[in-house]
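1. Take this sequence and fold it.
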Amino acid sequence: MNKFKKYGFNENLINNLNNQGINTPTAVQEQTIPKIMKNKDVMAEAQTGTGKTLAFLLPMFQKFDTDSKNIQGLILTPTRELALQITEESKKLAINTDVKILSVYGGQDINSQLHKLKNNITLVIATPGRLLDHLNRRTINIDNLSTLVLDEADQMLHIGFKEDIETILKKTNKNKQTLCFSATINSRVKKIAYKFMNSPSEVAVHNKSVTLDAIKQKVIRCSDRHKQEALFDDFDKTNPFMAIIFCRTKRRADVLEAQMSENKYLCNKLHGDMTQNARQKVMNAFRECKYQYLIATDVASRGLDISGVTHIYNYDVPESPDTYIHRIGRTGRMGETGIAVTLLTPKDILLMNSIEKEIRMKVPKEDYKNGYVSDDGKTTESGHNTDFDTRKSSREKKAEKDRKSGNDKKQGHSKNSKNSSGKSYGKDSKIGKNKRDNNDSKNEKDSRDDKNKRGSNSTSKSQGNKFEKTKGTRGRQTINKSRKKNSRGR
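-> Residues are numbered from 1 along each chain as shown. From the prediction side, this is the model:
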């Protein structure tokens, strides 16, 4: 028996869920669906991969009136990839219904979107920028909505869609239901939510540990110049079925993709500089397992929902714990297991510490054979003597060393120095002077010995070498005379 029946969904929705093998609600679905079905505004915090999408789609489809010609549902998302993902999930639920769905995002032919809008669209899934374009053209009307959803609200605000979102919300009807779903509900999200929502019910599914339990995490520590070598070494050891490698910037993704291709790894890249058609082709090819590795930037980390991903690699440590959770959430989804590997260099250890603090666990670490040190800073067999303490402690050690060195110099100067212009500087200076005098006496003696030796040798040598020896002797005699003169001066 399908447990979604208890929420009162129609038989067609239940059949469509059964066809996908979905029979049991997740934690976020159990906590939000009853409230949404009662037409309450809901603000839900839950991690990626916990079933948030179905939590708002199922009640929306239950309420749609297919006889109406108005747009009844609007879902706003931060990225094109996420819009396409939700569109695919919606189409699965729309089987054997008259619900018409349109995804609206940048990089797509707007004339094609205008043509589809003539077909009495029921549900629009859009990114804020392209939706505003349609609103300004008056080609989309959103003043008869029954439900509006802000999906990944924190990410939309982080990208900079705050003003766009407010402009869109002001153009909607007031008697609608508003739902806000996000991986993190911070003060910025709450501020915009309470401004446009009607006494929302707050739901927080704190199951980071549950979500991460399905993912085996590990850290590979290495030097920066051995990072690529360490990555390829893990590829060769584990041979992932499907892997996504996350880089911090587009340039680093380009460089890594070129190096992987050169080393005969079957891979492609995905980042914001690519056209939408190119990005879609890459994603489709990856889904069809035409590529084993996908190199991506964080712009894609929330929009990728590809079944079968077994490994996630953080080639660059993410700059926040939330980004880390979203990245590794691409694997171990919906009951499956996965592996997440982070390549850690000394400069990123503070970032990794903050991630471990947030997820409340110490990620197991192993050392790559080249360029590594242990936790206590001892040099390994590679010979690299890199201190693997935090940056703060390194600075403190250097500052302490500088202070100690400065104090020693100050004490030595005040004790031994007579004055700043004097020729004598205490005991150390006398020792130095005596040493120089001894050296001068030794040089003078050596000079006399050399002269006598050369004199005796020159008579026994052949005539052919006489000029060369005499020339050399004269040069040395000139130097010795100069030294002797200087010695007398002293």
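2. for residue 187, what are its contacts?
-> Residue 187 is in contact with no residue at all, counting by C-beta atoms under 8 Å, 6 or more residues apart in numbering. In short, each C-beta sits where N, CA and C put it, glycine included.
3. and the gap between it and residue 170?
-> According to C-beta to C-beta, to the nearest Å, residue 187 and residue 170 sit 21 Å apart.
4. can you count the residues close to residue 111?
-> Neighbour count of residue 111, defined by other C-beta atoms under 10 Å: 8.
5. just checking, it is part of a helix?
-> Yes: the assignment for residue 111 (DSSP: H, G, I helix; E, B strand; the rest coil) places it in a helix.
6. Any regions of the stretch 301-450 of the chain where pLDDT drops low?
-> Within the stretch 301-450 of the chain, the ranges that satisfy pLDDT under 70 run 301-305, 334-335, 370-450.
7. now the strands for this structure?
-> Using DSSP state E, the strands of the chain run over 42-45, 73-76, 101-104, 123-126, 147-151, 177-182, 201-204, 215-221, 243-246, 267-270, 293-296, 311-314, 338-344, 365-367.
8. Now do the fifth one against strand 177-182, angle only.
-> In this case it means strand 147-151. Strand 147-151 runs at 10 degrees relative to strand 177-182, counting by axes from the mean of the first three to the mean of the last three C-alpha atoms, to 10 degrees.
9. Packing partners of strand 147-151?
-> The elements that strand 147-151 packs onto, with contact taken as 3 or more C-beta pairs under 8 Å, 6 or more residues apart in numbering; DSSP states H and E, are helix 52-63, strand 73-76, strand 177-182.
10. Let's see that with 10 Å instead.
-> Taking 3 or more C-beta pairs under 10 Å, 6 or more residues apart in numbering; DSSP states H and E as contact, the helices and strands that strand 147-151 lies on are helix 52-63, strand 73-76, helix 80-93, strand 123-126, helix 162-170, strand 177-182, helix 187-196.
11. Ok, the third one next?
-> Packing contacts for strand 101-104, counted by 3+ C-beta pairs under 10 Å, 6+ apart, involve strand 73-76, helix 80-93, helix 110-116, strand 123-126, helix 128-137.
12. rerun that using 7 Å as the cut-off
-> Helices and strands touching strand 101-104, by 3 or more C-beta pairs under 7 Å, 6 or more residues apart in numbering; DSSP states H and E, are helix 80-93, helix 110-116, strand 123-126, helix 128-137.
13. Partner strands of the third one, with direction?
-> What it means is strand 123-126. strand 73-76 (parallel), strand 101-104 (parallel) (DSSP bridges).
14. Just the residues contacting it, thanks.
-> If you take C-beta atoms under 7 Å, 6 or more residues apart in numbering as the criterion, strand 123-126 is touched by 71, 73-77, 83, 86-87, 90, 99, 101-105, 140.
15. right, so of the helices and strands packed on strand 147-151, which gets closest to residue 342?
-> Set against residue 342 and scored by C-beta to C-beta, the helices and strands packed on strand 147-151 come closest in helix 80-93, at 22.6 Å.
16. For that closest one, buried residues please.
-> For helix 80-93, a neighbour-count test (16 or more other C-beta atoms under 10 Å) marks 80-87, 89-90, 93 as buried.
17. can you pull the contacts of the most centrally placed residue in the chain?
-> Nearest to the mean C-alpha position of the chain, by C-alpha atoms, centre = their mean, lies residue 318 at 2.5 Å. By C-beta under 7 Å, 6+ apart, the contact list for residue 318 reads 324, 327.
18. wait, residue 150 sits on residue 77?
-> No: in this structure, residue 150 is not within contact of residue 77 by C-beta atoms under 7 Å, at 8.7 Å.
19. Settle it for me: which of those two has more neighbours?
-> With neighbours defined as other C-beta under 10 Å, residue 150 and residue 77 compare such that residue 150 has more, 30 against 27.
20. how close does the more buried one get to residue 72?
-> Distance of residue 150 to residue 72, computed by C-beta to C-beta: 17 Å.
21. next one: residue 8
-> Taking C-beta to C-beta as the measure, residue 8 falls 19 Å from residue 72.
22. Can you give me the neighbour number for the nearest residue to residue 31 once chain neighbours are set aside?
-> Spatial nearest neighbour of residue 31, chain neighbours left out: residue 203 (4.9 Å); criterion: C-beta to C-beta, 6 or more residues apart in numbering. Counted with other C-beta under 10 Å, the neighbours of residue 203 add up to 19.
23. could we number from 33 for the rest of this?
-> All right, first residue 33 from here; so that's residue 235.
24. JSON lines please, covering the helices and strands packed on strand 133-136 and showing mean pLDDT and distance to residue 319.
-> Below are the helices and strands packed on strand 133-136 laid out as JSON lines (pLDDT from 0 to 100; distance: least, C-beta to C-beta, whole Å):
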{"stretch": "helix 112-125", "mean pLDDT": "91", "distance to residue 319": "10"}
{"stretch": "helix 142-148", "mean pLDDT": "78", "distance to residue 319": "23"}
{"stretch": "strand 155-158", "mean pLDDT": "96", "distance to residue 319": "19"}
{"stretch": "helix 160-169", "mean pLDDT": "91", "distance to residue 319": "24"}
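25. Can you pull the phi/psi pair for residue 141?
-> When read as degrees, to the nearest 10, the backbone of residue 141 gives phi -60, psi 120.
26. Break this structure into its domains for me.
-> Per the record, the chain has its domains at 35-238, 241-424, by automatic domain parsing.
27. re earlier: looking at residue 40 and residue 104, which has the bigger crowd around it?
-> Between residue 40 and residue 104, counting by other C-beta under 10 Å, residue 104 is the more crowded of the two (22 against 12).
28. Quick check, that one in contact with residue 180.
-> No: counting by C-beta under 7 Å, residue 104 does not reach residue 180; the two are 10.2 Å apart.
29. ok so, going back, CSV for the helices and strands packed on strand 133-136, including distance to residue 287?
-> Converted to CSV, these look like this (distance: least, C-beta to C-beta, whole Å):
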stretch, distance to residue 287
helix 112-125, 22
helix 142-148, 34
strand 155-158, 34
helix 160-169, 29
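30. Which among those is found nearest to residue 254?
-> The closest of those to residue 254 is helix 112-125. By C-beta to C-beta, the value is 30.3 Å.
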